[in-house]
Structures are given as C-alpha cells and as structure tokens.
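Undergrad: quick one: sequence and predicted model below, then my questions.
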Amino acid sequence: MVRDKIRFLRRGRVVMYGSATPTRTVLDYLRLEEKSRGTKEGCNEGDCGACTVALGTLRDGRVIYEPVNACIMLMGQLHGKELVTVDDLADGGTLHPTQQSMVDRHGSQCGFCTPGFVMALFTLYHSGKKPARQDIVDHIAGNLCRCTGYRPIVDAARDACTGRAIDRWAKAEKETVRQLQALNDSGDIFVGTQERFLAVPAKAETLAQLAAEHPDATIVAGSTDVGLWITKQLRDLPKIIHTCGVAELHAITDTGDMLSLGAAATYSEAERHLSAIDPDVAEVLRRLGAKQVRASGTVGGNVANGSPIGDMPPMLIALGAALHLRHGNDMRKLAIEDFFIAYGKQDRKPGELVWCLDIPKLKRNEAFRAYKISTGGLPPRGLPMAGWRRHPSAQCVPKRRLPGHRLTRPRLGTPPSEPSYTISSRSPTCGPPPPIAWRRRKRWCTRR
Ligand SMILES: Cc1cc2nc3c(=O)[nH]c(=O)nc-3n(C[C@H](O)[C@H](O)[C@H](O)COP(=O)(O)OP(=O)(O)OC[C@H]3O[C@@H](n4cnc5c(N)ncnc54)[C@H](O)[C@@H]3O)c2cc1C
Ligand code: FES
Ligand code: FES
C-alpha cells in the first residue's frame, strides 16, 4: 500500500499532511501553517534549542518522549510519531508542572528561550527517572539562555522532574500507544511527483529501490546535517527519501563480540549499546551535539556524510568497524576506513545506501582510547577527535584517527607508561595546523 500523506499525532488527533514541499521543516509547519507560535526560532541551525519540541515515539510498547530541534527536522520525520509543543502544555488556566516550576524558581526573564527549555524539561519529566543534577545539565545542554542563567532552570527541573509523570500525556499513554501502533503500519508514503517528492518508505525493499531509481535524491536520516543545507545554505532539495520509517534500519543487534547497528538508529537508540564498548565512547557521545541532536541524528548519517569533522569515524576505524552498503538488491561490505577515499569523498555510488554497521567489541586486554577535544581558539575544523585501539602485544598503535587530522610523531612502546603524541590538522580550510602536544599518563595498558 502506498499513501500520499504522512500521518502523525497531534493533540490526540491524527494529522494527515500531504504538502508537496519536501523540505518543509517542522518549525515552519508549526509557525506558518498551524499558527502555533509558542515554539521560537533562534539560530535555525540546531544550536540554541529555542525551537525544541517533544517527539513521542513508540518503543517496546511505550511512548518515549524526546526533545528535538524543530528548525532542522523535516515533516517526513513526523510520520508515525506524536508531536507535542509548548502551546499544548497548559490545561485551561493550569500550567504544566514544568511550566509552573519555571515560574516558581524564576527560570525566565526575557522568555525567548523558555518554550525550548520547558519542552526539554517536559521530556525529562517523562523520562521515568528522578534525574541527578548532572543528568539535568546534560539534558538541557542543547538549550541556551542568555539572560536568566542556568541555576534557576536547573532548580526548576529538580522540582518538576520527580520520576513520576502524572499529566495528560501520562494518563493517555494507553490510547496514544494504540493510535501510534495504527499509524505505524507497513504502508509506504510517497507525496508529490517523480520530479519533486518526499518519500517515507516503510519497507526495506521500497527504500532500496527508490534510492536506486532516484540517484539524485537526498537521503535523510535524522536531518541534523541535511537540515542545515536547507535552512543555512538555502538549497532546494526536490527529492527527499527518508530512512526513518524502515524498522530494519533501526535494528540494533548485540551478538556478544559484535554490535550491528542499522543505519537509521539514532544516537539515543544506540547510546546504551555503544557506551558499553568503552567508557571513552560514552564520554564522546555525551559531548556529541546535545540531547536534541542525539535524539534525531544517526551514526549512519555521520558516516555517510563523510564530514571531516564527524566524531564517529575515528572511533569506528579504531574499533575495526565494517559497513554494509546496499544498491537495489546488491549488498557489499567494506572496512569503514576504506569508505573514506579522500577529503570529503566516500566510496558510495549514487543511489547506494549505507545499510548497517558492524562494530567489533573490544577483546580482553585490548585497550581503547577516544578523545573529543573541545577547546577555545581553534576553528571547528581544527578541533581534534581521535580514537585508538591497542593490542596487548603490539609495538605500535594499529588503528588511529581520521578525517582532517594526522597523528605525527607517535612514540610508542610496550608498555608505554607515558605515550605522547602531537596531533596536527591537515584540513585545507583551517589554516596552519594547530599543534597540540598532549600527554596521557594513566590507564594506557589495561582495559577498565
Ligand atoms: C547543533 C549540532 C551539533 C552537532 N554536533 C556534532 C558533533 O558534536 N559531532 C559530530 O560528529 N556531528 C555533529 N553534528 C552533525 C550531525 O549531527 C551528525 O553528523 C549526525 O550524525 C548526522 O546524522 P543524521 O542522521 O542527522 O544525518 P542526515 O543529516 O540525515 O544525513 C547526513 C548525510 O548522510 C546521508 N545519509 C544519511 N543516511 C544515509 C544512508 N542510510 N545511506 C546513505 N546516505 C545517508 C545524507 O544524504 C547526508 O548526506 C551536529 C549537528 C548539529 C545540528
Ligand atoms: S532555532 Fe536554534 S536550535 Fe532551532
Ligand atoms: S530568558 Fe532570556 S534568553 Fe533565557
């Protein structure tokens, strides 16, 4: 079955949306079409969180609410989800607990960031856990406030998020689950014409076939890269094919010594599994974007994009990960480091899809380190990201960094009590390489 409208849940009702503008963002839909203007536009590039809305997704028979940036999210990504915005929260004259605690704790001054913060807190309120202070700080890291300061907002979060949700959404969960299950049937969506369309295939075969037939189409997973092509580069992308509707591409399989990750699995879906590989992976993921970016963005998109500043490839190369690519019915597999041919160039044919990633887990006595250095004074392309895996018997590090950066002067031995490296950038766009001498003394030889 092929439908010509996407369907999502809003205020308890199913919205059928069949606009022929494939690049319509959720923020523009809310403000320009629905006229719900509580959600604000700040940066329009996923950085400030003013546009944060909550997306309810069906997962293991429950509705999980996550904060996302409406400014870079495309309408196709709403299919089969529930959209909640700040305009929905108050019940008549009664504020939602997250709103009330912001009032009580004086968490708002000019108020421009407030709708975004409230929605981030709404998702934390529904997380089912009583968050510690650090959890709150991590959760709102993608929301910027320029006048109130963060302490009152963190206090408001501590008051409101008790681990027990008792609002309208909690009471309606059973009904919402039923409605979302009905929306997530196996129907493919195709809105528009052969020249201009948005497609949300539900079947893996439809997705592969469509991508092969339209090699000029833009593949969209979480849209945290593509969204900026639309809002900042003002690119017209006439053909959009979403991968998010294919359940197979969200699959995460753990075979004990290997993790297999579908290309549409978001960071938040994969975080628990990836973090179990090594604490350094967990720390890099904590610093990757912010909660909103991790709720939409995918590891597959990070790899497929081939950005020289992508954070996942250095770690994945160090771990020895492999990539499965699909073109029509043909599948091929290659080591992830062979996927990156040159600066900004990948070994991917037009119409070919990144299908899934195989990530080997660390063996006993293998050591792994990953570092994401965020420091002032460097241009974004000069910020180093590096990953190492070390075999216990090795005299040198077998796998190392990647895009834009080069390890020079590695001094390694066994056991290296004080390895020292200089990382330099070879990015042509970032000027002279900023040398960073960096010493690490502890915990090199043994796995924690
Ligand atoms: C505010 C903000 C902060 C960010 N911070 C970081 C950061 O700290 N570290 C970092 O590495 N990145 C960061 N990013 C970039 C981005 O979030 C990541 O690169 C993310 O992993 C991209 O995934 P996505 O699913 O959103 O990709 P999309 O934007 O959907 O797609 C990215 C590219 O991959 C292609 N693609 C996607 N899926 C497939 C597929 N299955 N087959 C073939 N091609 C495909 C698309 O066509 C496109 O070219 C940030 C982005 C934003 C907006
Ligand atoms: S407007 Fe800044 S994140 Fe969307
Ligand atoms: S209240 Fe003014 S920016 Fe946060």
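TA: That came through, no problem. Numbering: from 1, shown residues only. Ligands and ions are numbered 1, 2, ... in the order given.
Undergrad: residue contacts, residue 324?
TA: 331-333, 354-358 (CB atoms under 8 Å, 6 or more residues apart in numbering). All C-beta spots, glycine's among them, are computed from the backbone N, C-alpha and C.
Undergrad: my bad, residue 77
TA: Neighbours of residue 77 in contact, by CB under 8 Å, 6+ apart: 26, 220, 222-223, 242, 244, 296.
Undergrad: measure it to ligand 1 for me?
TA: 9 Å (CB to the nearest ligand atom, to the nearest Å).
Undergrad: likewise for residue 41?
TA: Using CB to the nearest ligand atom, residue 41 is found at 14 Å from ligand 1.
Undergrad: same check on residue 26?
TA: Note on residue 26: its distance to ligand 1, by CB to the nearest ligand atom, is 14 Å.
Undergrad: okay, now that residue: neighbour count?
TA: By other CB atoms under 10 Å, 28 other residues sit near residue 26.
Undergrad: wait, it sits on residue 70?
TA: Yes - applying CB atoms under 8 Å, one finds residue 26 in contact with residue 70, separated by 4.1 Å.
Undergrad: residues of this structure that sit close to ligand 1?
TA: By CB under 6 Å from any ligand atom, the residues of the chain that approach ligand 1 are 46-47, 72, 218-226, 243, 263, 288-289, 293, 296-298, 300-302, 304-305, 307, 310-311, 353-354.
Undergrad: secondary structure element for the residue of the stretch 201-350 of the chain found nearest ligand 2?
TA: As assessed by CB to the nearest ligand atom, ligand 2 sits closest to residue 292 within the stretch 201-350 of the chain, at 7.1 Å. Per DSSP states H and E, residue 292 falls inside helix 291-296.
Undergrad: now the element after that helix, going C-ward?
TA: Next along from helix 291-296, by DSSP H and E: helix 299-305.
Undergrad: elements contacting the helix or strand that that next one is followed by?
TA: Next along the chain after helix 299-305, taking DSSP H and E as the criterion, comes helix 312-319. Helix 312-319 sits against helix 299-305, helix 336-339, strand 353-360, strand 367-372, strand 385-390, with contacts defined as 3 or more CB pairs under 8 Å, 6 or more residues apart in numbering; DSSP states H and E.
Undergrad: quick one: closest of the ones you listed to residue 96.
TA: Each of the helices and strands packed on helix 312-319 has some distance to residue 96 by CB to CB; the shortest is helix 299-305, at 32.4 Å.
Undergrad: quick one: the helices in the stretch 151-300 of the chain, in order.
TA: 151-160, 168-171, 173-183, 204-213, 226-231, 267-275, 279-287, 291-296, 299-305 (DSSP state H, counting those that start in this stretch).
Undergrad: quick one: which of these is nearest ligand 3?
TA: Among those, helix 151-160 sits nearest to ligand 3 (CB to the nearest ligand atom), with 8.2 Å.
Undergrad: got the CA positions of that closest one in PDB?
TA: Extracted C-alpha coordinates of helix 151-160, given in PDB (Å, rounded to 0.1, in the frame of the first residue of the first chain):
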ATOM      1  CA  ARG A 151      20.800  27.800  38.100                       C
ATOM      2  CA  PRO A 152      17.100  28.700  38.400                       C
ATOM      3  CA  ILE A 153      16.400  26.500  35.400                       C
ATOM      4  CA  VAL A 154      18.200  23.500  36.900                       C
ATOM      5  CA  ASP A 155      16.400  24.100  40.200                       C
ATOM      6  CA  ALA A 156      13.100  24.200  38.300                       C
ATOM      7  CA  ALA A 157      14.000  20.900  36.700                       C
ATOM      8  CA  ARG A 158      14.800  19.300  40.100                       C
ATOM      9  CA  ASP A 159      11.400  20.400  41.400                       C
ATOM     10  CA  ALA A 160       9.400  19.200  38.500                       C
END
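Undergrad: do it and ligand 3 meet at all?
TA: No - Helix 151-160 stays clear of ligand 3 (CB under 6 Å from any ligand atom), getting no nearer than 8.2 Å.
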